[in-house]
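> dropping the sequence and predicted coords here.
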Amino acid sequence: MAVLGGGLVGSIARQVVQRAADDDGFPWGTLSVNVGGAFLLGVLTSRVARVRRPELAAAFLGVGALGAFTTFSALVGQLGAMPLPKAMAYASVSVVLGLTAAVSGIRLGRAPA
Amino acid sequence: MSLVWIGVLGSAGALARYELSRAIHRRTERGGVATMVVNVIGAIVLGCLVGIEARVQIGPDLLTAVTVGFLGGFTTFSTWMVDVLVLAESGRLGRRRAALNLAMSLIGGIGAYALFRTVVAP
């Protein structure tokens, strides 16, 4: 149930960002949700042991909401429709920013509250 | 396509990801495998759908519902990134395994998408 509820919230939030994003030839919306979601999951991962219901938080926020907020299928579909140089740039930017965001989130989460 | 439908199908996708990941975890303890398998399966389904759409009109609403809704909720980027970081810190070969996971997920995902799209709509 927690995964279903989180998935509902995460998917709707993703679509809201996608619609708000001005994709002028570059998928800014997908990049935003993916990098933002990676940061938030980093925070959650390093904080989850300290909350009152860690299993519920991990299922609802981690697996459900952030899992569904971010997307791999849209990334792949967009990469497949791009010319090669642009696809390589988009893939690199996504992975480098995604990893940096997750590391930053984990560090922030570890910092004492 | 209404946001409610995107949400409902997205939550179904998230649950499918959760169940499939758990089933894979029971078979292998190797880190990062479950998310990679889920994401590559999502790429295969997307390739098939885009191929089908090129042959017969599925209609933009149904295509959006399944791709943005279900597949968007099924596949994940955030868990993939955290998986890669955890792998990178796992022992002597950690960084190599993390790099391998990144490469296999990306190349596997794009390759599977392109292959299945081409097979369905040559």
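Nice, thanks for sending it over. Residues are numbered from 1 along each chain as shown, chains lettered A, B, ... in the order given.
> in chain A, what residue comes closest to chain B?
Nearest residue of chain A to chain B, counting by Cβ to the nearest Cβ: A:S11, 2.4 Å away. The C-beta positions use only the backbone N, C-alpha and C, and glycine is treated the same way.
> my guess is that residue contacts B:I6. True?
Yes. Between A:S11 and B:I6 there is a contact at 5.4 Å, judged by Cβ atoms under 8 Å.
> from A:G67, how far out is B:L9?
Per Cβ to Cβ, to the nearest Å, B:L9 is found 14 Å from A:G67.
> enumerate every residue touching the residue nearest the centre of chain B.
The centroid of chain B falls nearest to B:N39 when counting by Cα atoms, centre = their mean (2.0 Å). B:N39 makes contact with A:72-73, B:75-76, B:80, B:105, B:109 under the criterion Cβ atoms under 8 Å, 6 or more residues apart in numbering or on different chains.
> any idea which helix or strand carries it?
Assigned by DSSP states H and E, B:N39 belongs to helix B:33-55.
> hang on, the earlier thing: number of residues surrounding the residue of chain A closest to chain B?
Neighbours of A:S11 under the rule other Cβ atoms under 10 Å in any protein chain shown: 32.
> cool, and B:A88?
By other Cβ under 10 Å, the residues close to B:A88 number 17.
> likewise B:G31?
By the measure other Cβ under 10 Å, the count of residues near B:G31 is 17.
> secondary structure element holding the spatially most central residue of chain A?
Nearest to the geometric centre of chain A sits A:G37, at 2.4 Å (Cα atoms, centre = their mean). Here A:G37 sits within helix A:28-47, counting by DSSP H and E.
> any part of that helix near chain B?
Yes. Using Cβ under 8 Å from any Cβ of the partner chain, helix A:28-47 reaches chain B at A:33-34, A:37-38, A:40-42, A:45.
> show me what counts as buried in that helix.
A:29-47 (16 or more other Cβ atoms under 10 Å in any protein chain shown).
> thinking again about what came up before, next secondary structure after the helix holding B:N39?
Using DSSP H and E, the next helix or strand after helix B:33-55 towards the C-terminus is helix B:60-64.
> state the mean pLDDT of that following helix.
For helix B:60-64, the mean per-residue pLDDT is 87.
> among the contacts of B:N39, who's most crowded?
When neighbours are taken as other Cβ under 10 Å, the top entry among the contacts of B:N39 is B:T76 (34 neighbours).
> is stretch B:4-18 in proximity to chain A?
Yes. Using Cβ under 8 Å from any Cβ, stretch B:4-18 comes into contact with chain A via B:4, B:6-15, B:17-18.
> report the buried members of the residues you listed.
B:6-15, B:17-18.
> check whether stretch A:58-78 comes near chain B.
Yes. If you take Cβ under 8 Å from any Cβ as the test, stretch A:58-78 does meet chain B, through A:59, A:62-64, A:66-77.
> scan these and report the most crowded one.
Counting neighbours by other Cβ under 10 Å, the top entry in these is A:A68, with 37 neighbours.
> my read: it touches B:L71, true?
No. Assessed by Cβ under 8 Å, A:A68 is found out of contact with B:L71, at 10.5 Å.
> overlap in contacts, those two.
B:G13.
> give me the contacts around the helix or strand that B:A23 is a member of.
Per DSSP H and E: B:A23 is located in helix B:3-27. For helix B:3-27, the surrounding residues in contact (Cβ under 8 Å, 6+ apart) are A:3-12, A:14-16, A:59, A:63-64, A:67-68, B:33-35, B:37-38, B:41, B:64-66, B:68-76.
> quick check: mean pLDDT of that helix?
95.
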